[in-house]
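Enquirer: fold the following.
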Amino acid sequence: MLPQMKQDNSETTMDDYRRCVEDLAVKHRAKRSLRCLMAAGTLATPALLEGLRHPEPAVRIGCCQVLDHYLPRRIARTYQ
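Expert: The predicted structure is shown next:
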């Protein structure tokens, strides 16, 4: 089950974000997972960076979409 999208993300843990990243590979869960990760903003960055090494292309693409939206350019250059 995906974490609830709360305004302050106070009850969402890194394991919840990792689960959202994994769910990007599941077609019927991907859209909600992407919304959850977008709502989390920079709080989900560690899970998203891990997702860049995922074997499924859909997961890597989803992680790139979120990171592109929130990751500062100076940090993004480190991962090129």
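
Enquirer: can you show me the helices along the chain?
Expert: Using DSSP state H, the helices of the chain run over 14-23, 27-40, 45-51, 57-70, 73-76.

Enquirer: could you dump those into a markdown table and include mean neighbour count and mean pLDDT?
Expert: Backbone N, C-alpha and C define where each C-beta goes, glycine included. Listed next are the helices of the chain as a markdown table, based on neighbours: other CB atoms under 10 Å; pLDDT from 0 to 100:
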| stretch | mean neighbour count | mean pLDDT |
| --- | --- | --- |
| helix 14-23 | 19 | 97 |
| helix 27-40 | 17 | 96 |
| helix 45-51 | 19 | 95 |
| helix 57-70 | 17 | 93 |
| helix 73-76 | 10 | 62 |
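
Enquirer: any idea how far T12 lies from P55?
Expert: Going from T12 to P55 by CB to CB, to the nearest Å gives 25 Å.

Enquirer: neighbour-wise, which of the two wins?
Expert: The neighbour comparison of T12 against P55 (other CB atoms under 10 Å) goes to T12, with 20 against 7.
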